[in-house]
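Asker: attaching a predicted model along with its sequence, questions to come.
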Amino acid sequence: MVEHPPVIVHPPSANGARRVTVRGQIVGLAHGRGEVAALLRAAGMVPGGDEIVELDRPELIEWRGGDLDTWG
């Protein structure tokens, strides 16, 4: 069985939004990096809540259908 990181950012939809899931649960739609970071803070994935979110950590986030610069 293939293990995935706890956070999945799914491929962009037609309007450029990307669904974000944490441990299989949808936590929201993001239209850019800042929104991904905000969703991860709200989901408790960032210690301290106000720290910088490293969106390029493959052990934390799997980007599907493009990387963190792909928004439709």
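Answerer: Good, I have the coordinates.
Asker: lowest-pLDDT helix or strand in the chain?
Answerer: Counting by mean pLDDT, DSSP states H and E, the chain has its least confident helix or strand at helix 33-42, which shows a mean of 94.
Asker: now do the contacts for the residue nearest to the spatial centre of the chain.
Answerer: The residue lying closest to the centre of the chain (CA atoms, centre = their mean) is V9, at 4.2 Å. By CB atoms under 8 Å, 6 or more residues apart in numbering, the residues touching V9 are R18, R19, V20, A30, V36, I61, E62, W63, R64, L68. Yep, even glycine has a C-beta here, placed from its N, CA and C like the rest.
Asker: burial count for the last one?
Answerer: In other words, L68. 14 (other CB atoms under 10 Å).
Asker: hmm, R57 and it touching each other?
Answerer: No: if you go by CB atoms under 8 Å, L68 and R57 don't touch, sitting 10.6 Å apart.
Asker: low pLDDT regions in the chain?
Answerer: Within the chain, the set of residues satisfying pLDDT under 70 comprises 1-2, 48-50.
Asker: in this structure, which spans are strands?
Answerer: 7-9, 18-22, 25-30, 61-63 (DSSP state E).
Asker: indicate which one of those is closest to V53.
Answerer: strand 61-63 (9.2 Å; CB to CB).
Asker: now the closest one: how far from the chain's centre is it?
Answerer: With CA atoms, centre = their mean, to the nearest Å as the basis, strand 61-63 stands 6 Å off its chain's centre.
Asker: by contact count, what packs against that strand?
Answerer: In this structure, strand 61-63 makes packing contacts with strand 7-9, judged by 3 or more CB pairs under 8 Å, 6 or more residues apart in numbering; DSSP states H and E.
Asker: please redo it, this time with the cut-off set to 10 Å
Answerer: In terms of contacts (3 or more CB pairs under 10 Å, 6 or more residues apart in numbering; DSSP states H and E), strand 61-63 is packed against strand 7-9, strand 18-22, helix 33-42.
Asker: deepest of these, which one?
Answerer: Of those, the one with the most neighbours on average (mean count of other CB atoms under 10 Å) is strand 7-9, at a mean of 22.
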